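Asks: missing the sequence, but the structure's below:
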């Protein structure tokens, strides 16, 4: 629970009493590698915080999986496009490693906003961060060439290149694994 | 000021005393048609609320203006991608008609969040709405075909088709004005 409290304290100040409330509102959830936190066609009912592990977000595009995002330990995970309006999700969130989470339901998050003195402020600042990150990421996905996308991947996720299978990185970059190998060779040739 | 208060009351309850605070924090700004609320390369320093008028958001893409959004009376206007982190804007916001606004600076908005009892809640709910709308809109811009984009334009902005010049609508849809005429004929032929 300590890392979750710290992640919230990045945004707001919380009292010891409020730490207890937060501990009551979140529940543990463990996923095996390959299991799903969210599936297409279902409503995203929880925001999760990763204690240990790694997940990927992907869309099933006529049978082709398009990986669009990764989240790792000490990060929040959610499809806010489904969670905020409580409508069905167009994407999957899947554990890439055995992953240990704390999750909070939509209803309990509303309680957190109400019961924690700076709860609404936490909500505002957290969604502002997600907003700026998501729009940048979405714009890049559609407009940046693969080599730029790969450089950005290395920049955003420097510690993940060893933990994520190459075909998921290629899918994130938007190319075939063979093309990613060529880009990697070209980049390593530059150093 | 009445319509601005109503727009905020769509999200939160405010007291008569708080209405006075809000009135103090916002300032009037009038733009002539063609004038800019925000220009590329500058930092977006204000959130604006449109009392009367109409604006368009566009990007200058190597000399081609790509219109990406419209906002009209009783709506908030801002490039949050620039405003939230206070970094330079990649887009313009331009008045399409003589437009009367109330604006609030970044610093005064922080005062609003602090001085209004449900100020942070207003901020959270407003940015959640913007987030869901912006992601949908951005996804559509890159993936939907022009005919679908035009149908969505008619759905989102049913009252604006008479107020916006055809070449801006064509730019929003992502096609040349002549192609838009063909789509319009095809659609009107269906009714």
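Replies: Thanks, I have it. If you're wondering where the values come from, they're calculated on a predicted model, not measured in any experiment.

Asks: C-alpha from now on. contacts and neighbour counts both.
Replies: Noted.

Asks: Residue A:156: neighbouring residues, count only.
Replies: Residues near residue A:156, counting by other C-alpha atoms under 10 Å in any protein chain shown, number 11.

Asks: pretty sure residue A:149 contacts residue A:141?
Replies: Yes - with contact defined as C-alpha atoms under 8 Å, residue A:149 reaches residue A:141; the gap is 7.5 Å.

Asks: which neighbours do the two share?
Replies: Counting by C-alpha atoms under 8 Å, 6 or more residues apart in numbering or on different chains, the residues touching both residue A:149 and residue A:141 are residue A:173.

Asks: of these two, who's got more company?
Replies: Neighbour totals were compared for residue A:149 and residue A:141, and residue A:149 leads with 20 against 17 (other C-alpha under 10 Å).

Asks: Run a quick neighbour tally on the nearest residue to the more buried one once chain neighbours are set aside.
Replies: In this structure, residue A:149 finds its nearest non-sequential neighbour in residue A:173, 5.4 Å apart by C-alpha to C-alpha, 6 or more residues apart in numbering or on different chains. As a burial measure, residue A:173 scores 26 neighbours (other C-alpha under 10 Å).

Asks: shaky segments in chain A?
Replies: Low-confidence segments of chain A (pLDDT under 70): A:190-191.

Asks: show me what contacts the residue in it that chain B sits nearest to?
Replies: Using C-alpha to the nearest C-alpha, the single residue of chain A nearest to chain B is residue A:124, 4.1 Å away. Going by C-alpha under 8 Å, 6+ apart, residue A:124 touches B:120, B:121, B:123, B:124, B:125, B:127.

Asks: if I read this right, the residue nearest to residue A:149 contacts residue A:146, doesn't it?
Replies: Yes - using C-alpha under 8 Å, residue A:173 is in contact with residue A:146, at 5.5 Å.

Asks: which residues are common contacts for those two?
Replies: Residues touching both residue A:173 and residue A:146 (C-alpha under 8 Å, 6+ apart): none.

Asks: Which members of the contacts of residue A:124 are positioned in helices?
Replies: Among those, the members found in helices (DSSP state H) are B:120, B:121, B:123, B:124, B:125, B:127.

Asks: List just the nearest of the contacts of residue A:124 to residue A:9.
Replies: For the contacts of residue A:124, the closest approach to residue A:9 (C-alpha to C-alpha) belongs to residue B:120, at 16.6 Å.

Asks: Distance of the residue of chain A closest to chain B relative to residue A:147?
Replies: Distance, residue A:124 to residue A:147, by C-alpha to C-alpha, to the nearest Å: 34 Å.

Asks: same check, this time on residue A:114
Replies: The gap separating residue A:114 from residue A:147 is 45 Å, by C-alpha to C-alpha.

Asks: more neighbours, those two?
Replies: residue A:147 (19 against 13).

Asks: first to last residue in stretch A:7-19, what's the distance?
Replies: Using C-alpha to C-alpha, first and last residues of stretch A:7-19 are 12 Å apart.

Asks: what's it in contact with?
Replies: Contacts for stretch A:7-19 (C-alpha under 8 Å, 6+ apart): A:5, A:74, A:75, A:116, A:117, A:118, A:121, A:122, A:125, A:126.

Asks: And the buried ones among these, selectable in PyMOL?
Replies: Only the buried entries of the contacts of stretch A:7-19 go into this PyMOL selection, using 16 or more other C-alpha atoms under 10 Å in any protein chain shown:
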select buried, chain A and resi 74+75+116+118+121+122+125+126
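
Asks: Am I right that residue A:98 is in contact with residue A:31?
Replies: Yes - counting by C-alpha under 8 Å, residue A:98 touches residue A:31, with 5.8 Å between them.
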